[in-house]
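I'll drop the sequence and a predicted model, then ask my questions.
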Amino acid sequence: MTKLALVTGASAGIGREACALFARKGYRVIALSRQPTGVESADLELALDLESFEQIEGLARTLEAEIAAAERVILVNNSGYGQFGALRDLSESMWQKQFSTHVFGPIKLAAVCLSLCEQHGKPLRVIAVSSVLSIAPQKMKGAYCAAKSAMNTAHESFWFDEQGSNSLESVSLVLPGPVVTRFREHALAALQPVLGRASAVHQEKYKAMQAALAPGARIKPFTASASDVAKKIFRAAEATRPKPRYLVTPQTYAAEFITRFIPRSIQRMLFS
């Protein structure tokens, strides 16, 4: 029997690097993404839209044989994107898509995997890739911050709910800060529909955001690579006693310290 890694958002960036690392370590890898692009390291690549519970439930039929044949199962809930913009300017569908991608879909997928693991007596570890912005909000990124914060809480709650399960070994969160991926490119694309409905009072902020997301924009200091994040994911998968949270970049360590020990009135000044 081999270990099985299921990775969402596998077509690029952190997900693709995680697939490659798990494959090098002898795992059987199933890459899950909205639009499969040919992940070379994956043993199997499947299309999955996390906005559709029906699709997630339908995936169970394919995953059952894989899980039944595995020694253990690692689910990496990595899929995500940033819907930026002032909260007053976001449409209902923008909010829905942001939360479906980061919260509703990942938890539904974790529940499906847990049921299959329980059915076949296999241990399961769930690892969710969150963000420093889940604990340190920033202006003009409220929907993304809220969705990632909800992702944290939902996965923690999933752990508490299912502690009686004989299959669920652990639920861990991986919190990166800035990472060199196509995240900014996708965030810029998601921002375009917002610009047409943007409130006049925020025009200067939108100009600054577009400049920060544009191709060739300055990379922030201490920006991690996708490989750095993949290594933390793998550490959570292999640890004898997995930690609830794995921090990746200096920004995340700083945010964790500030939010734990600094008064909230001062936090608002630091994060503004």
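Received, thanks.

What ranges does the stretch 151-272 of the chain have for its strands?
Using DSSP state E, counting those that start in this stretch, the strands found in the stretch 151-272 of the chain span residues 168-175, 179-180, 224-225, 245-247.

hang on, isn't Ala23 packed against Ser41?
Yes - using CB atoms under 8 Å, Ala23 is in contact with Ser41, at 3.9 Å. From N, CA and C alone the C-beta is placed, and that goes for glycine too.

Common neighbours of the two, please.
Val29 (CB atoms under 8 Å, 6 or more residues apart in numbering).

What is the neighbour count of Ala146?
Using other CB atoms under 10 Å, Ala146 has 20 neighbouring residues.

For it, list the residues it contacts.
Taking CB under 8 Å, 6+ apart, one finds Gln98, Phe99 in contact with Ala146.

And it, how far from Leu90?
With distances taken as CB to CB, to the nearest Å, Ala146 is found 11 Å from Leu90.

And Gln210, by the same measure?
16 Å.

out of those two, which sits in the busier spot?
Taking neighbours as other CB under 10 Å, Gln210 and Leu90 compare with Leu90 leading, 18 against 15.

Just confirm the more buried one contacts Gln83, I think it does.
Yes - assessed by CB under 8 Å, Leu90 is found in contact with Gln83 at 6.9 Å.

list residues touching both of these two?
Joint contacts of Leu90 and Gln83 (CB under 8 Å, 6+ apart) are Ala143.

chain center to the longest helix along the chain, what's the gap?
Determined from DSSP state H, the single longest helix within the chain is helix 142-161. Offset of helix 142-161 from its chain centre (CA atoms, centre = their mean, to the nearest Å): 10 Å.

So which bits of that helix are buried?
142-152, 154-155, 158-159 (16 or more other CB atoms under 10 Å).

could I have stretch 75-92 exported to CSV, CA atoms only?
Provided in CSV are the C-alpha atoms of stretch 75-92 (Å, rounded to 0.1, in the frame of the first residue of the first chain):
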residue,chain,number,x,y,z
LEU,A,75,-6.1,16.0,1.8
VAL,A,76,-4.5,19.4,1.0
ASN,A,77,-7.1,22.1,0.7
ASN,A,78,-5.0,24.5,-1.2
SER,A,79,-7.2,26.0,-3.9
GLY,A,80,-7.8,29.7,-3.6
TYR,A,81,-7.7,33.2,-5.1
GLY,A,82,-7.9,36.8,-3.9
GLN,A,83,-11.1,38.9,-4.5
PHE,A,84,-9.9,42.3,-3.7
GLY,A,85,-11.7,45.6,-3.6
ALA,A,86,-13.6,47.8,-1.1
LEU,A,87,-16.3,45.8,0.6
ARG,A,88,-19.1,48.2,-0.5
ASP,A,89,-18.2,47.5,-4.1
LEU,A,90,-18.4,43.7,-4.2
SER,A,91,-21.4,41.9,-5.7
GLU,A,92,-23.2,39.0,-4.1
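
What's the first helix or strand after the strand or helix carrying Glu54?
Taking DSSP states H and E as the criterion, Glu54 maps to helix 53-68. Of the helices and strands lying after helix 53-68 in sequence (DSSP H and E), the nearest is strand 70-77.

Which strands and helices lie in contact with that next one?
strand 2-8, helix 13-24, helix 105-120, strand 124-129, helix 226-238 (3 or more CB pairs under 8 Å, 6 or more residues apart in numbering; DSSP states H and E).
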